[in-house]
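> Predicted coordinates and the sequence they were generated for:
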Amino acid sequence: MMTEDMGVGLGWDDEISKEGPDFILLPAGDYDFEVTSFERGRFDGSDKMSACNKAMLNIKIETAEGIAVIQHNLFLHQKTEGFLSEFFTSIGQKKKGQPLKMNWNSVVGAKGRCKVGIRNWTSKDGNPMQSNEIKKFYEPKETEAVQTTFTPGSF
């Protein structure tokens, strides 16, 4: 799916001027987010979980320091069903205690609140690296849930 956050491609002879990547490492904490893109993918499986479909999301978080985008995968598997429920509850699609047929068509543009952490890892060339990861999606407050499900002009 294409969104305006994906930018535009450059031609071979175009002029460039940006100085380095637009990467912001957020401090661990709670943030409002918006889903800016969604792709369907496949997880090949591991020692802990069998192969399954996965949703690859780009989650945008706006802060005073700038905009951070976190890539987040949701695995469509029985073992991770609780995480799926947490995500869909956060964006106002699922009500706690009620089953939900996941509506992936309404994920892009959805907003919610999440807990962001910092993941430490080692690059292929052995350098220590850090990136943000989403640890938890929060249930919206009652007033937020009403606002996220209301669409002006639709009846």
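Arrived safely, thanks for sending.

> On the three-state scheme, residue 88 is what?
Secondary structure assignment for residue 88 (DSSP: H, G, I helix; E, B strand; the rest coil): helix.

> Quick check: it vs residue 82, distance?
As for residue 88, its distance to residue 82 is 11 Å (criterion: Cβ to Cβ, to the nearest Å). Bear in mind the C-beta positions are built from the backbone N, C-alpha and C, glycine included.

> between these two, who's got more neighbours?
More crowded of residue 88 and residue 82, by other Cβ atoms under 10 Å: residue 88, with 23 against 9.

> Can you tell me the closest non-neighbouring residue to that one?
Spatial nearest neighbour of residue 88, excluding adjacent residues (Cβ to Cβ, 6 or more residues apart in numbering): residue 94 at 4.0 Å.

> contacting residues around the nearest residue to residue 107 once chain neighbours are set aside?
Nearest non-adjacent residue to residue 107, counting by Cβ to Cβ, 6+ apart: residue 38, 4.9 Å away. By Cβ atoms under 8 Å, 6 or more residues apart in numbering, the residues touching residue 38 are 1, 55, 56, 57, 58, 104, 107, 108.

> how about the CA coordinates for the helix or strand hosting residue 33, as PDB?
Using DSSP states H and E, residue 33 sits within strand 29-43. C-alpha atoms of strand 29-43 as PDB (Å, rounded to 0.1, in the frame of the first residue of the first chain):
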ATOM      1  CA  GLY A  29       8.200   5.500  27.200                       C
ATOM      2  CA  ASP A  30       4.600   5.800  26.200                       C
ATOM      3  CA  TYR A  31       3.600   7.500  22.900                       C
ATOM      4  CA  ASP A  32       0.700   8.200  20.600                       C
ATOM      5  CA  PHE A  33       1.100   6.600  17.200                       C
ATOM      6  CA  GLU A  34      -0.400   6.400  13.700                       C
ATOM      7  CA  VAL A  35      -0.100   3.400  11.400                       C
ATOM      8  CA  THR A  36       1.200   4.800   8.100                       C
ATOM      9  CA  SER A  37       1.500   1.600   6.000                       C
ATOM     10  CA  PHE A  38       0.700  -2.100   6.100                       C
ATOM     11  CA  GLU A  39       2.000  -5.000   4.000                       C
ATOM     12  CA  ARG A  40       1.100  -8.600   4.000                       C
ATOM     13  CA  GLY A  41       4.100 -10.900   4.500                       C
ATOM     14  CA  ARG A  42       5.100 -14.400   5.600                       C
ATOM     15  CA  PHE A  43       7.100 -15.600   8.600                       C
END
